[in-house]
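Student: build the 3D model from these lines:
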Amino acid sequence: MYKIIIFLLIFILNIPIARAIEARDITFPVEDGWDYNFSDTYGAARSGGRSHIGTDIMVDQMTPLVAAVDGRVSYLVDSDKGWGLAIYIEDKQGYSYRYLHVNNDTPGTDDGKGIRAYAFPRNIKRGSIVKAGDVIAFAGNSGNAEWTGHHLHFEIWTPQKKSINSYPSLMAAIGKPVETIQDNITTYQFTRDLKLGIEGEDVRQLQKYLNSNGFLVSISGIGSIGNESDYFGSATQAALIKFQQAESISPAAGYFGPLTRGVVNNDNSQTIEDSEIKEDDSDSIVKIGWLVRDKKLARVYYMNSNLELEWVVSEEVAVKHFGDKWYEDVRFFDDLESMGMRFGDHLL
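Tutor: Numbering: from 1, shown residues only. Predicted coordinates:
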């Protein structure tokens, strides 16, 4: 049941990706003087058929996060109900800068107590006006990042509610040229068991997989993003244990055996079991009152009486409007946009 819920949440939370490269003039969202590491994995494949729509900036827990622009706090989640803590800043042009996985733990622990003082400064509230460089939050691993390393998932959305790659803006903010690093391993297939002390190219590929999915082998130096090695040491083992815990692989002992290998190989081949998708048999007609999922955009929508599709923004919203078994009534379509469907407001 746990994996089914996670699978459904992944579908709901995905958004359409704008492929055009656009760099915004921003302040780097991590306060000066704190260590960080990041690479370009925008659009990279993730489990469940979703795509990565932000930049993961790997940092230590409680690293101060700062406003990327002058603007106002347009959205704030400071009570963790399983979705994680988050804050959005909107500038005068209507661009939204989104900070996910804000800290929900007592510093030095992973207790999930959600003490607000360890997540946001006292003066940061919804509607607050902030200046670029103001501390607005503290980094953590809340939400679906609980089993990964602490990091800031940073997104930029246009006024038209399209996601753009934040990597070029982040590189410009630190004065470096854009060097696109593609998703490290989307097709690599592992063929042998791996364990502590073993060496080989497949170890390097495993480290790349773990790093690109947020299970950081190291925040800097050997094993960090772009510096993966061919040696399976204790840092690789620790990162693998976190991955196994996140995937409910037992025992989570840091041994890369047949079960873990199968999960990773399946993810790298980007397959979704047919049994998890209920095809629609309605001759491509969407009717009023239907819940539908767009395979291309990976969102769930509700067709309202104005013949507009409203995005169901969370599972909580889905349960509120359609009951606990809402997911049993979702119909799947390949590409609602190409069908000429009209898109309305979000369903809140």
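Student: quick one: residues contacting residue 228.
Tutor: Shown in contact with residue 228 (Cβ atoms under 8 Å, 6 or more residues apart in numbering): 184, 204, 207-208, 211, 217. Every C-beta, even on glycine, is put in place using the N, C-alpha and C of the backbone.
Student: in this protein, which spans are strands?
Tutor: With DSSP state E as the criterion, the chain has strands at 55-58, 64-66, 71-77, 85-90, 96-102, 129-130, 135-138, 151-157, 163-164, 291-294, 299-303, 308-312, 330-333, 342-347.
Student: which parts of the stretch 51-200 of the chain are helices?
Tutor: Secondary structure of the stretch 51-200 of the chain by DSSP state H, counting those that start in this stretch: the helices cover 167-173.
Student: rewinding a little: do you know which of the strands of the chain lies nearest residue 114?
Tutor: Closest to residue 114 of the strands of the chain, according to Cβ to Cβ: strand 85-90, at 7.5 Å.
Student: related to what we said a few turns ago, who wins for proximity to residue 199 among the strands of the chain?
Tutor: Of all the strands of the chain, it is strand 55-58 that lies closest to residue 199, at 24.7 Å by Cβ to Cβ.
Student: which secondary structure elements does that closest one contact?
Tutor: Where contact means 3 or more Cβ pairs under 8 Å, 6 or more residues apart in numbering; DSSP states H and E, strand 55-58 is packed against strand 151-157, helix 167-173.
Student: so what touches that strand?
Tutor: Contacting residues not belonging to strand 55-58 are listed as 29-30, 36-38, 40-42, 149-155, 165-167, 170, 214, 216, 219, 225 [Cβ under 8 Å, 6+ apart].
Student: which ones are touching the residue lying closest to residue 171 once chain neighbours are set aside?
Tutor: Nearest residue to residue 171, sequence neighbours excluded (Cβ to Cβ, 6 or more residues apart in numbering): residue 178, at 5.0 Å. Each residue near residue 178 by Cβ under 8 Å, 6+ apart is listed here: 23, 40, 167-168, 171-172.
Student: circling back: taking the contacts of residue 228 one by one, which sit in helices?
Tutor: 204, 207-208, 211 (DSSP state H).
Student: out of those, who's nearest residue 159?
Tutor: residue 211 (32.9 Å).
Student: number of nearby residues for the closest one?
Tutor: Number of residues near residue 211 (other Cβ atoms under 10 Å) recorded here: 27.
Student: where's it relative to residue 59, distance?
Tutor: 14 Å (Cβ to Cβ, to the nearest Å).
Student: ditto for residue 125
Tutor: From residue 125 over to residue 59 (counting by Cβ to Cβ), the distance is 24 Å.
Student: and these two? Which one has more around it.
Tutor: Ranked by neighbour count (other Cβ under 10 Å), residue 125 and residue 59 place residue 59 first, with 26 against 11.
Student: now the more buried one: phi and psi?
Tutor: Per-residue torsions, residue 59: phi -140, psi 170 (degrees, to the nearest 10).
Student: how is the protein carved up into domains?
Tutor: Each domain of the chain is listed here as a residue range: 16-173, 201-268, 277-347, per automatic domain parsing.
Student: format those as TSV; extra columns: distance to residue 189 and mean pLDDT.
Tutor: As requested, these are arranged in TSV below (distance: least, Cβ to Cβ, whole Å; pLDDT from 0 to 100):
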stretch	distance to residue 189	mean pLDDT
domain 16-173	14	88
domain 201-268	5	84
domain 277-347	23	72
